[in-house]
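Undergrad: What follows is a predicted protein model with its sequence.
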Amino acid sequence: METNVNSPESSQQVIITPDLLLEHWQAHRRLTRRVIEAFPENDLYNFSIGGMRSFAQLTMEMIVLSAPGINGIVSGNWTSEKFPFDFSTPPPATKNEILTLWDSVTDEINTLWPQIPVGRFQENDLAFGMYEGTIQYMLFYVIDNEIHHRGQGYVYLRALGIEPPAFWDRS
């Protein structure tokens, strides 16, 4: 018997649990952190190819999406008092400061995640005042954005003669 995708029964089917989705996201964040660590300090801020932004700038974009993003996912407020960043916020001055900020955002994600009601993932919202879609879509966008920019980091590292972390090792 075929299940109607619009039936109440179909909304009960789960492909991935919220806890597994959080682990998936955090696994990507662990790998991206290792990519940040692999950069020499100067190259993190100054190296680019073809006019692309430095990896420090790309990392800041990931932070800007993730920190207020988790707040918006939980509350519908797409800003964060703890992380008052926007897309014009420059990266911290040192690699160590970037890593510390990265870890603080990771902790914030872990703290706020349990507050997300399961039904919230299917709710529509206007993220950052301009991107409309379901919370699930917004979360996938944040993760996909990180993967995309991490890929740029891999290209930079290889161009610098540095072997990047194995893309499949998200431990």
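TA: Cool, the structure landed.
Undergrad: Check the chain for its longest helix and report it.
TA: In terms of residue count, the longest helix belonging to the chain (DSSP state H) is helix 135-159.
Undergrad: list the buried ones in it?
TA: 135, 137-139, 142-143, 145-146, 149-150, 152-154, 156-157 (16 or more other Cβ atoms under 10 Å). Quick note: C-beta positions are derived from backbone N, CA and C, even for glycine.
Undergrad: Show me which of these is closest to Met60.
TA: His149 (10.0 Å; Cβ to Cβ).
Undergrad: Name the nearest residue to that closest one, ignoring sequence neighbours.
TA: Nearest residue to His149 in three dimensions, chain neighbours excluded: Leu58, at 4.2 Å (Cβ to Cβ, 6 or more residues apart in numbering).
Undergrad: Helix or strand for the one you found, just tell me which one.
TA: Element membership of Leu58 [criterion: DSSP states H and E] is helix 55-75.
Undergrad: returning to that earlier point: contact partners of the longest helix of the chain?
TA: Contact with helix 135-159 is made by 21, 24-25, 28-29, 31-32, 35-36, 38-39, 43, 47-49, 52, 55, 58-59, 61-62, 65-66, 69, 72-73, 116, 120-123, 125, 127, 131, 133, 163-164, 167, as judged by Cβ atoms under 8 Å, 6 or more residues apart in numbering.
Undergrad: Please check those and keep the buried ones.
TA: In the contacts of helix 135-159, the ones that pass as buried (16+ other Cβ under 10 Å) are 21, 25, 28-29, 31-32, 35-36, 38-39, 43, 47-48, 55, 58-59, 61-62, 65-66, 69, 72-73, 116, 120-121, 125, 127, 164.
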